[in-house]
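1. Pasting the sequence and the predicted coordinates here, then a few questions.
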Amino acid sequence: MMNAIEKAGILVEALPYIQRFAGKTIVIKYGGHAMLDDGLKEAVAKDIVLMKYVGINPVVVHGGGPEINALLDRLGMQSSFVQGLRVTDQETMEIVEMVLVGKVNKEIVSQVHRHGGKAVGLSGKDGLLVQAHKKWLTSITSNEEEALPDLGYVGEVDQINPELVNTVSNNGYIPVIAPIGSGPEGESYNINADLVAGELAGALAADKLILLTDVEGIYRDGTDPSSLISSVTTAEIPGLLRERIITGGMIPKVECCLRALQKGTVSTHIIDGRIPHALLLEVFTDKGIGTMVKRP
């Protein structure tokens, strides 16, 4: 009996959040260990399906770095990264597109279907969803700009056309999007999934952007979990970057939060996707988890 009462209490706690987010869009960036562990894959799919059934419009943008790495390793091709972004020559771009669009995307769609949802797999090239150009990086050192290596077919978002995503979502389906952009000549660009998620959240006027990662959030002291920053404002981010508290792969995650907030997303969250049902904990409980990046 006590177990049943506890379950009822959980449902009651979730009710205000179900009411608050009904009809709202939540963009989920799906990546990290949650894409590799079978139990976590199942939990994420169930969370997304549940969100759709209670009236929320989840939109999924996924990565696939480990799968890309695995295939490149099998082919004897090496990868290098700059500021958390994969240097992508033409041959690597073909592998990236094949893995993200042809393998990872379809696996996520199938997981959603297995748990009673309806999903449609898309890439940023479908319906010109993500229009992009070549990304160039520079780094400020002292008073000079230092040129960084050519990233190849790494793209930067020019424009998001949300019409296709809205059509899919409004017809009862869950959009699942691979972060491949379309260049001016129809060329493919590999775009960091975090950045696509941030731009898409802004274009959709999403109520939330949630990034699933392999850490609890932003740590003030290296990887010390006790130094987790539960909430940070956009005004504080430049200082954290200068102090190198935010480094490496966390940089594009924070950048995407800033872009989403700048374009109208209400709140952004960096959470630990290694926790089963992390999405439900963030959306439907009083405390939430991870680091929230918000306006001042």
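-> Received it, and whenever you're ready, just let me know what you need. Residues are numbered from 1 along each chain as shown.

2. What is the neighbour count of the closest residue to Ala22 other than its chain neighbours?
-> With sequence-adjacent residues excluded and distances taken as C-beta to C-beta, 6 or more residues apart in numbering, Ala22 is closest to Gly55, at 3.7 Å. Placement of C-beta: from N, CA and C, glycine included. The number of residues packed around Gly55, counting by other C-beta atoms under 10 Å, is 12.

3. from what I can see Gly55 touches Gly23, true?
-> Yes. Taking C-beta atoms under 8 Å as the definition, Gly55 is a contact partner of Gly23 at 5.9 Å.

4. Which neighbours do these two have in common?
-> When contacts are counted by C-beta atoms under 8 Å, 6 or more residues apart in numbering, the set common to Gly55 and Gly23 is empty.

5. follow-up on the earlier one: Ile210 versus the residue nearest to Ala22, what's the distance?
-> Distance of Gly55 to Ile210, computed by C-beta to C-beta, to the nearest Å: 17 Å.

6. Quick check: pLDDT value at Met77.
-> Here the pLDDT value assigned to Met77 is 90.

7. give the contact list for it.
-> Contacts for Met77 were tallied using C-beta under 8 Å, 6+ apart; they are 91-92, 95.

8. Wait, a helix at it?
-> No. Using DSSP: H, G, I helix; E, B strand; the rest coil, the assignment for Met77 is coil, not a helix.

9. Which neighbouring elements make contact with the lengthiest helix in the chain?
-> Looking across the chain with DSSP state H, the single longest helix is helix 2-21. For helix 2-21, the packing partners by 3 or more C-beta pairs under 8 Å, 6 or more residues apart in numbering; DSSP states H and E come out as helix 278-284.

10. neighbouring contacts of the helix it packs on?
-> The set of residues external to helix 278-284 that reach it, using C-beta under 8 Å, 6+ apart, is 13-14, 17-18, 21, 26, 28, 34, 44, 47-48, 50-51, 56, 208, 210, 212, 269, 271-272, 275, 288-290.

11. can you give me how far it is from the chain middle?
-> Between the mean C-alpha location of helix 278-284 and the chain-wide mean there is a distance of 15 Å, by C-alpha atoms, centre = their mean, to the nearest Å.

12. what's downstream of that helix, the next helix or strand?
-> Using DSSP states H and E, the helix or strand that follows helix 278-284 towards the C-terminus is strand 291-294.

13. Which residues does that following strand contact?
-> Applying C-beta under 8 Å, 6+ apart, the contact partners of strand 291-294 are 216-218, 228-234, 237, 254, 257-258, 261, 267-271.

14. From the residues you listed, list the buried ones, please.
-> For these, a burial check counting by 16 or more other C-beta atoms under 10 Å picks out 216-218, 228-229, 232, 234, 237, 254, 257, 261, 267-271.
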